[in-house]
Structures are given as C-alpha cells and as structure tokens.
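J.: A structural model of the following input is requested.
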Amino acid sequence: MTIKPLIILPDPILRQMSPPVETVDDEVRRLADDMLETMYDAPGIGLAAIQIGVPRRLLVLDVTKEGEERKPLVFINPKVVRASDERSVYEEGCLSIPDYYAEVERPAAITVEFLDRDGKERTIEADGLLATCLQHEIDHLNGVLFIDHISKLKRDMVIRKFTKAAKMRGSRAI
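T.: Numbering: from 1, shown residues only. You can find the predicted model right below:
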C-alpha cells in the first residue's frame, strides 16, 4: 500500500465528474487499499478517488472512533437511491480543504447502492455520521465540495484563501 498525495483546493480536478468503474479488478482493489492508507495517514474518515487525482467512482470510509478496531468500507460506483426528508446538521471538514470546517445540513438517513471490493452488488442504509460522510464523499465523485453547501459569501472567502495559498506555493489554481 502506498500513501498518495492529496489534491488541495483550488485544484480544478476536484470539480471533475468521476466516471464509473467499469471492472472491479486487482487494480481497483489496490487503489482502494492505497486510498485507505492515505485516509488513515491524513488522518481522515473518508476519501474519494478524485482527492488523490484519480477520476473514478470509488470512495473509502471508516467512521469508527479513535481506539476502536478499524472497519474500513469500500464503495465502488455508489448511488444514493433514497434520502430521508428529515435533515441533520454536522460540522464537516475535508482533507482537500485542510483546517476549514463548517456546519452542513443534509438528509439524516440515506440508502446507497454500490459494488463492494469484490464487485458484488450491495445496499446500505445509513444514518448519523455514516450518512453524512457517504453524502460528502459521493458529492466529491460529482465534483461537488462541502463548501458548496454553505453560503456564497463564506464559500468565496474559503476559495480566495486557498487560491492565494496555492499561488504562494506555485500550485495550480482555478
């Protein structure tokens, strides 16, 4: 397993729509393993492939608490097929937008269909932190960032801050 560098805002790749994974094979499983290693190292609780520069509909999660045994989850081609009318608010952060957090309102419970790391069709019913994290990472696969769910004023401030930092580092900007 290899720790991969994270893509940071304002890199335009974060706004790309990720195409589906055509075949679940050893290459995809290796990518999932690298993503888990990268996520744990960051440390984070979720990571979409696009966040390491790979535009594929693949994400990994582990919402276990610190000190608990890890329970990594791999979602290939995930799709929300049901979302509750009930809403919940969580303070979200993102490995691609380091050290910035904001409250985001999302459906409190969702049902997601996906392929597991063996290519088997699965369905999961999620609520709480798992539902929030799944929605956050699926947004990444669609080129959407959690800051797109906050006010335009706050979003513009965050983008300006990260664009300025990228220019100072000599990185790609929007």
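J.: every contact and neighbour count from this point should use C-alpha atoms.
T.: Noted.
J.: ok, the closest residue to residue 101 other than its chain neighbours - contacts?
T.: Nearest residue to residue 101, sequence neighbours excluded (C-alpha to C-alpha, 6 or more residues apart in numbering): residue 93, at 4.6 Å. Residue 93 makes contacts with 99-102, 146, as judged by C-alpha atoms under 8 Å, 6 or more residues apart in numbering.
J.: same thing but at 7 Å, please
T.: Applying C-alpha atoms under 7 Å, 6 or more residues apart in numbering to residue 93 gives the contacts 100-102.
J.: need the buried ones from these selected in ChimeraX.
T.: Written as a ChimeraX command, the selection of buried residues from those, which uses 16 or more other C-alpha atoms under 10 Å, is:
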select :102
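J.: nearest to residue 51 among the contacts of residue 93?
T.: residue 100 (16.1 Å; C-alpha to C-alpha).
J.: which element, helix or strand, includes that closest one?
T.: Residue 100 is part of strand 97-107 when elements are defined by DSSP states H and E.
J.: buried set for the helix or strand hosting residue 122?
T.: Following DSSP H and E, the helix or strand that holds residue 122 is strand 121-127. Within strand 121-127, the residues scored as buried using 16+ other C-alpha under 10 Å are 126-127.
J.: which residues does that strand contact?
T.: 108-116.
J.: out of the residues you listed, list just those in strands.
T.: With DSSP state E as the criterion, strands contain 109-115 from among those.
J.: tell me what the strand holding residue 100 is packed against?
T.: In terms of contacts (3 or more C-alpha pairs under 7 Å, 6 or more residues apart in numbering; DSSP states H and E), strand 97-107 is packed against strand 87-94.
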